[in-house]
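# take a look and give me a structure for this.
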Amino acid sequence: MSDLAGDAKTLEKCLRELSSPEKIAGDLQKLESYASWTREELPCLMRCLASEKGWFDSGSNRWNGQKLIEDLGADVYNYCRFELRRKSADGCTFAYRGLRCLKLAELHAGTTLSTLLQCSRHLNATNLELLQYSKLKPKEPIPCLFQCVADAMGFYDLDGNWRVANWQQAFGPSPHENASQAEPDYSGCRLSDTERDAATKCAWMYQEYKCWERINGNELEQGDIET
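A predicted model of the protein is given here:
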């Protein structure tokens, strides 16, 4: 997420603030297993790191979206936009969850974007058409683009069932993923076999994709009503 020298200085500063000389060696060992953490094993370290980078305001308990976009890119920020808005009274937990998501975004958001661009080129789509795609038109602006992405990223199994984990990995956390809320129910998005048979594969996949977006709070453009 930054240059190694800068990260090392920031880490040293935060450890000096939150740890003690006799504990730093052990804390560094804990940090080595960061990828497998299920909770923050060094309390408030991630809040300190994010604050030092200018990404997180500890005083207001808020993420600095503009700074994140400048440093990491809009795709990484958008991948985590729901997680970064999901406030917690515990600022340390809030910062920890946010940084975990941003790290995943660096890995997966780039793959999703790369796949989208490859499919766009394969279908000879223009840049203008690609920009229009995010507006969720009733009819797919670039026919079969979503099918190309879905096939490449394994959104469906051989029987046509959703691999929900693959969708979530590609698009990031939903606005409903919260310990106090149930997992979003996407079962209603899957068209019946009859409905699928009555449409082309590209068409029914796009309809199911729009359903995913609706559940996650993204609606058709105002004025674009399906008939």
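
# tell me how far Asp151 lies from Glu106.
Distance of Asp151 to Glu106, computed by Cβ to Cβ, to the nearest Å: 24 Å. For the C-beta atoms, the positions are set from N, CA and C on the backbone; glycine is no exception.

# can you show me the strands along the protein?
56-57, 62-63 (DSSP state E).

# got the contact list for the first one?
By that I understand strand 56-57. Strand 56-57 is contacted by residues Arg47, Ala50, Ser51, Arg62, Trp63, Asn64, Ala95, Gly98 when judged by Cβ atoms under 8 Å, 6 or more residues apart in numbering.

# TSV for these, including neighbour count and pLDDT?
Shown next, in TSV, are these (neighbours: other Cβ atoms under 10 Å; pLDDT from 0 to 100):
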residue	neighbour count	pLDDT
Arg47	24	94
Ala50	26	94
Ser51	19	95
Arg62	14	94
Trp63	24	95
Asn64	18	94
Ala95	26	94
Gly98	23	93
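
# just the ones of those in helices?
Among those, DSSP state H puts Arg47, Ala50, Ser51, Ala95, Gly98 in helices.

# what is the nearest of those to Arg86?
Taking Cβ to Cβ as the measure, Arg86 lies nearest Gly98 of these, at 8.6 Å.

# so who does the residue nearest to that closest one when sequence neighbours are not counted touch?
Spatial nearest neighbour of Gly98, excluding adjacent residues (Cβ to Cβ, 6 or more residues apart in numbering): Leu84 at 5.2 Å. Leu84 is in contact with Trp63, Gly65, Leu68, Tyr77, Gly98, Cys101, counting by Cβ under 8 Å, 6+ apart.

# make JSON lines from these and add distance to Asp193 to it.
Converted to JSON lines, the contacts of Leu84 look like this (distance: Cβ to Cβ, whole Å):
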{"residue": "Trp63", "distance to Asp193": "43"}
{"residue": "Gly65", "distance to Asp193": "43"}
{"residue": "Leu68", "distance to Asp193": "43"}
{"residue": "Tyr77", "distance to Asp193": "39"}
{"residue": "Gly98", "distance to Asp193": "41"}
{"residue": "Cys101", "distance to Asp193": "36"}
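
# farthest pair in those?
Gly65 and Cys101 (13.3 Å).
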